[in-house]
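Asks: coords please:
(chains A and B)
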Amino acid sequence: MEFPQLEYLRRRRCDSAVNTEQKKLTQTPLLKIWVPWMGCSLNRRRGSSVPQFCNSPTMIVMVGLPARGKTYISKKLTRYLNWIGVPTKMFNVGQYRREAVKIYKNFEFFKPDNEEAMKIRKACATAALKDVAAYFSKEQGQVAVFDATNTTRERRAIILSYAKERGYKVFFVESICDDPEIIAENIKQVKFGSPDYVDRDIDEALEDFSRRIECYRASYMPMDDEEDRKLSYIKIFDVGSRYLVNRVQDHIQSRIVYYLMNIHVTPRSIYLSRHGESELNLLGRIGGDSGLSPRGQKYANALATFIRGQNIRELKVWTSHMKRTIQTAEALGVQYEQWKALNEIDAGVCEELTYEEIQENFPEEFALRDQDKYRYRYPKGESYEDLVHRLEPVIMELERQENVLVVCHQAIFRCLLAYFLDKPADELPYLRCPLHTVLKLTPVAYGCKVESFFLNIEAVNTHRERQAGHYGQKKPYLNKKSREKKINRKQL
Amino acid sequence: MRGCSSRAKLAHGRDTAVCMTNCPTLIVTVGLPARGKTYISKKLTRYLNWIGVPTREFNVGQYRRECVKIYKSFEFFRPDNEEGLKIRRQCASAALNDVRQYLTEDGGQVAVFDATNTTRERRDTIIQFAEQNGFKVFFVESVCEDPDVIQENIVQVKLGSPDYTNCNTEEAAEDFMKRIKCYENSYEPLDEVLDRDLSFIKIMDVGQRYLVNRVLDHIQSRIVYYLMNIHITPRSIYLCRHGESELNVNGRIGGDSGLTPRGKEFGKKLSQFLQTQGISDLKVWTSQMKRTIQTAESLSVPYEQWKVLNEIDAGVCEEMMYEEIQDHFPLEFALRDQDKYRYRYPKGESYEDLVQRLEPVIMELERQENVLVICHQAVMRCLLAYFLDKTAEELPYLKCPLHTVLKLTPVAYGCKVESISLNVDAVNTHRERPEVGISLEAHRRAHTHPQEDGSVWPDMAFSPRAFSSTGCTVQASAFLLTHGVNLTPNPQHSKHPTRK
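Replies: So this is what the prediction gives:
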């Protein structure tokens, strides 16, 4: 992305000889990263502003019988890695199969002696591998999750040699489970709704799927301690009761292992809410550490009533270190934990200013922010990208926990929501997170059910839409009066 | 949010007492001699204390050495030596007793019970003990059959042990191998099936493979993550600050200024120094502040910028001189001197906050091999405190002068430190611990025993470890300080095991 003032400076310096000794550092306008000038022909920076955790691309290869949670894990892992900034994509071979064989008849397709089907299935796996290669080479992907049963050593060998030829690292994730209840629950949650079974009734589908599993079982060769001792893998037993981890090669694999060891499938709900309306909210000012307004206090009480009405088992309550979230939590009358990591985005020099004041005093900054709101860092402050980085331990702990209520701030809320709802970086800063509204997130099937509860206490609207302006064009921001007109609108 | 540190917890409702929501954890090592149990125990203890979880290790071998003053030979460990068995059982009991004291009365959160614990019978005793006292148990077993690794262990830590002060190397090695044999026959490793209800991690072949069973809670999950990231490949970590900056010269804190000419000179000298060191595959990390990046630029190698390595945020005091801070914010200035570790600048950070944000750096440093970290005074103090096991009280006063490189090389159970001044003058930015009315440090010194066992490594900055955080909130500890309540440890804690 080119920034006009950088372009100008660069043209100036192109003429002068580049001093190889101590080059002057300049701070990039958007990210506020210090970079050396190297003239126009050498555009590479020596420094990297993001720790380089991945060098060669990594293929994560799932292993396991049907209904062992492979796709659940694949999707979740992909979502997590993308959120922390590692470009990741999932490749589900079943999808390829569905595109190749338009109509699924029955389990006979998966019989090991069905030559015709074997050919198709192999072709699908190959097609998926080709797409993996394209993702890495053409789309700057960093991690590809290859989601299929991969239950035979032969199939895994094909994948390994494919990866080796191209210099990809391979990490296997095997899910082993023989608990019939869990398997039945999996089938219920995700298989019945599958396109494969769209015209069947439940009993038919269950019967067919069980026989499908049997087709794989005879030829299933789990990863072996001895034979596979040179490979990198994690074996997950009984939905996380036990793990076997072999030869973790690098940082990203270590993070993946840590993540997989912290997730669980116990039903629970996560409640996200902002603090009650604050004094600075009323003044249209951002940041700061003010207390609740009277309406904000009413919200805190309403929140307490709402939470009690939900009858939540063993609810944990988390707040930031800022007064307004703590005051909100106080009304609940239960124990809560304060996390500094949940503090609102630091607006640096723009703290406690109104958007108009920012536009007047820092017009370039104001415009830059609208150009790339996710990566834009306030001078002496933070960016949404920085936020995601500091929220990662919160997400990890949310994964470990069960029922949790998080009382936080607008930008924080957006980051957390983006994680749960798999929103990409360019949507994240524009997610709607109005005051006085609780979001209840309940993991279900492969995703998250979202229920929104507006607790009927009016509040100002702090949401700023995505600006469709050009750089340098001063877009008049809504003044307080016109903002107030929005007050009575129902949010979300 | 880590265990019961003062960082995140506040109890509310009727009681305003310190909140301890998690029950204490007893980590129990398992394994034959020379499998790295003590190495792991010490490292884990150091890490947990650094992140704010009060942890202590209890090495049963120490208790045995205090009981049986003179070690004769491996015969003591023979399974048929009734006398020996009795003494060893007593030592284990004594250690468990101290564990109970530490976890229930002395504010400890985690105790590491370091012994072979190779029989199921012994482990059952410990499990019963834990159940009676409401402790969670987490086993850490180290399994290794690689003779080279075992040999290296023996050379590094056993030959220098008090047990073998009067033997020559061959005698000691031979005796020790026989000692290992005494345990081998009765060794019952943790079993996937028989021990499926226990919480444990089995570390195989120094980290090639791990078996993890039933991780119960956050702290166990962190412990597992940490254990899976450490390694023993020889390497060195270089820590230094940026070159002297413009604001340094003006006596101002914080900010984002560039280097002075002397600072740039340091950059050049640093580059030369690194070349003489001949380091293979050196990673270079900086913060995102101009002065560290400028310093790294002189090295002409790729480097990574970490925002979390940025200097402590002094909030409203940014770019002020200490005298100005004292003028404009006299109360803040005084409070900082009372508890420099926990004190948070208004709209800024505390050292405690720094430690929390530096934890991923430490984790990645553990994973890496040769690394040079170019950072800042407060940040360097935090990192140094981790490697040299300094307490929260000592951390903010560690000396980290400009234009000096610290080379840390892990060795035996600790860290060798070499301090290399690159002979470029710079201002001194160090502020000594001021004489306050109630000095925590002075009080502690008056009540603890001095460390036994002189330093084997002349350069190692080893000093008695005082008690770590007792899990109070910021407000609570300020209250205790101003009202003259001391936070000194129980004098008995001097049983703190020394290196072998």
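Asks: which parts of stretch A:202-212 are buried?
Replies: Judged by neighbour count using 16 or more other C-beta atoms under 10 Å in any protein chain shown, the buried positions of stretch A:202-212 are A:205-206, A:208-209, A:212. No exception for glycine: its C-beta is placed from N, CA and C like everyone else's.
Asks: isn't B:V149 up against B:V206?
Replies: Yes: between B:V149 and B:V206 there is a contact under C-beta atoms under 8 Å: 5.9 Å.
Asks: neighbours of B:L26, how many?
Replies: 24 (other C-beta atoms under 10 Å in any protein chain shown).
Asks: the one 4 residues further on now?
Replies: One way to gauge burial is a neighbour count; for B:V30, by other C-beta under 10 Å, it gives 25.
Asks: quick one: the buried residues of stretch A:202-212 as JSON lines, columns for pLDDT and secondary structure too.
Replies: What follows is the buried residues of stretch A:202-212, written out as JSON lines (pLDDT from 0 to 100; DSSP: H, G, I helix; E, B strand; the rest coil):
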{"residue": "A:A205", "pLDDT": "88", "secondary structure": "helix"}
{"residue": "A:L206", "pLDDT": "87", "secondary structure": "helix"}
{"residue": "A:D208", "pLDDT": "91", "secondary structure": "helix"}
{"residue": "A:F209", "pLDDT": "91", "secondary structure": "helix"}
{"residue": "A:R212", "pLDDT": "92", "secondary structure": "helix"}
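Asks: out of those, which touch chain B?
Replies: Contacts with chain B are made by none of the buried residues of stretch A:202-212, judged by C-beta under 8 Å from any C-beta of the partner chain.
Asks: next one: the residue nearest to A:R156 when sequence neighbours are not counted relative to A:V63, how far apart?
Replies: Nearest residue to A:R156, sequence neighbours excluded (C-beta to C-beta, 6 or more residues apart in numbering or on different chains): A:N150, at 5.6 Å. As judged by C-beta to C-beta, to the nearest Å, A:N150 and A:V63 stand 5 Å apart.
Asks: what is in contact with the two at once?
Replies: The contact sets of A:N150 and A:V63 overlap at A:156, A:172 (C-beta atoms under 8 Å, 6 or more residues apart in numbering or on different chains).
Asks: just the C-alphas of stretch A:145-164, formatted as CSV.
Replies: Coordinates of each C-alpha in stretch A:145-164 appear next as CSV, following Å, rounded to 0.1, in the frame of the first residue of the first chain:
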residue,chain,number,x,y,z
VAL,A,145,-5.1,-27.6,7.0
PHE,A,146,-5.7,-30.8,5.0
ASP,A,147,-8.9,-32.2,6.4
ALA,A,148,-9.5,-35.8,5.4
THR,A,149,-9.5,-39.2,7.1
ASN,A,150,-5.9,-39.9,6.0
THR,A,151,-6.2,-43.2,7.8
THR,A,152,-3.8,-45.3,5.8
ARG,A,153,0.0,-45.0,6.0
GLU,A,154,0.0,-45.1,2.2
ARG,A,155,-2.1,-42.0,2.0
ARG,A,156,0.0,-40.2,4.5
ALA,A,157,3.2,-41.1,2.6
ILE,A,158,1.8,-39.6,-0.5
ILE,A,159,1.2,-36.3,1.4
LEU,A,160,4.6,-36.4,3.0
SER,A,161,6.4,-36.8,-0.3
TYR,A,162,4.3,-34.1,-1.9
ALA,A,163,5.2,-31.8,0.9
LYS,A,164,8.9,-32.7,0.9
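Asks: pLDDT of that stretch, averaged?
Replies: Looking at stretch A:145-164 alone, the average pLDDT works out to 97.
Asks: rewinding a little: who are the contact partners of the residue nearest to A:R156?
Replies: For A:N150, the contacting residues are A:61-64, A:156, A:159, A:172, by C-beta under 8 Å, 6+ apart.
Asks: out of those residues, which are buried?
Replies: When the contacts of A:N150 are checked for burial by 16+ other C-beta under 10 Å, the buried set is A:61-64, A:156, A:159, A:172.
Asks: tell me how many other residues surround B:I180.
Replies: 18.
Asks: swap in B:V193?
Replies: Using other C-beta under 10 Å, B:V193 has 5 other residues around it.
Asks: I'd say B:C23 and B:E131 touch.
Replies: No: B:C23 is beyond contact range of B:E131, at 11.1 Å (criterion: C-beta under 8 Å).
Asks: just want to know which of these two has more residues nearby.
Replies: B:C23 (14 against 11).
Asks: part of a strand, is the residue nearest to A:R156?
Replies: No: A:N150: not assigned to a strand; according to DSSP: H, G, I helix; E, B strand; the rest coil it is coil.
Asks: my read: B:N250 touches B:M321, true?
Replies: Yes: applying C-beta under 8 Å as the test, B:N250 and B:M321 come out as touching, 7.4 Å apart.
Asks: can you pull the contacts of the nearest residue to B:V361 once chain neighbours are set aside?
Replies: The shortest distance from B:V361 to any residue other than its chain neighbours is 6.0 Å, reached at B:V308 (C-beta to C-beta, 6+ apart). For B:V308, the contacting residues are A:389, B:357-358, B:360-361, by C-beta under 8 Å, 6+ apart.
Asks: okay if I get those residues as a markdown table plus neighbour count and secondary structure?
Replies: Listed next are the contacts of B:V308 as a markdown table, based on neighbours: other C-beta atoms under 10 Å in any protein chain shown; DSSP: H, G, I helix; E, B strand; the rest coil:
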| residue | neighbour count | secondary structure |
| --- | --- | --- |
| A:H389 | 22 | helix |
| B:R357 | 22 | helix |
| B:L358 | 22 | helix |
| B:P360 | 16 | helix |
| B:V361 | 21 | helix |
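Asks: of the residues you listed, which pair is most distant in space?
Replies: A:H389 and B:L358 (13.2 Å; C-beta to C-beta).
Asks: give me the low-pLDDT residue ranges for the chain?
Replies: Went with chain A since none was named. Applying pLDDT under 70 to chain A flags the ranges A:1-23, A:38-54, A:469-492.
Asks: correction: the question concerned chain B.
Replies: Using pLDDT under 70, chain B drops low at B:1-21, B:436-500.
Asks: packing partners for the helix or strand encompassing A:V438?
Replies: If you go by DSSP states H and E, A:V438 is part of strand A:437-444. Strand A:437-444 sits against strand A:270-274, helix A:294-310, strand A:447-454, with contacts defined as 3 or more C-beta pairs under 8 Å, 6 or more residues apart in numbering or on different chains; DSSP states H and E.
Asks: how about the CA coordinates for stretch A:412-429, as CSV?
Replies: Extracted in CSV, the C-alpha atoms of stretch A:412-429 (Å, rounded to 0.1, in the frame of the first residue of the first chain):
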residue,chain,number,x,y,z
ILE,A,412,-11.8,-5.1,22.5
PHE,A,413,-15.3,-6.4,21.9
ARG,A,414,-14.8,-6.2,18.2
CYS,A,415,-11.6,-8.2,18.4
LEU,A,416,-13.1,-10.9,20.5
LEU,A,417,-16.2,-11.1,18.4
ALA,A,418,-14.1,-11.4,15.2
TYR,A,419,-12.4,-14.4,16.7
PHE,A,420,-15.6,-16.2,17.5
LEU,A,421,-17.4,-15.3,14.3
ASP,A,422,-14.4,-15.7,12.1
LYS,A,423,-14.4,-12.1,10.8
PRO,A,424,-11.4,-11.0,8.7
ALA,A,425,-9.2,-8.1,9.6
ASP,A,426,-10.8,-5.6,7.3
GLU,A,427,-14.3,-6.2,8.8
LEU,A,428,-13.2,-6.4,12.4
PRO,A,429,-12.9,-2.6,13.1
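Asks: list, one by one, the residues from the stretch 351-500 of chain B near chain A.
Replies: With C-beta under 8 Å from any C-beta as the criterion, the stretch 351-500 of chain B meets chain A at residues B:353, B:356-357, B:364, B:367.
Asks: which residues touch the closest residue to B:V110 other than its chain neighbours?
Replies: Of all residues not flanking B:V110 in the chain, B:T55 sits nearest, at 4.2 Å (C-beta to C-beta, 6+ apart). Listed by C-beta under 8 Å, 6+ apart, the contact set of B:T55 reads B:44-45, B:48-49, B:108-112, B:468.
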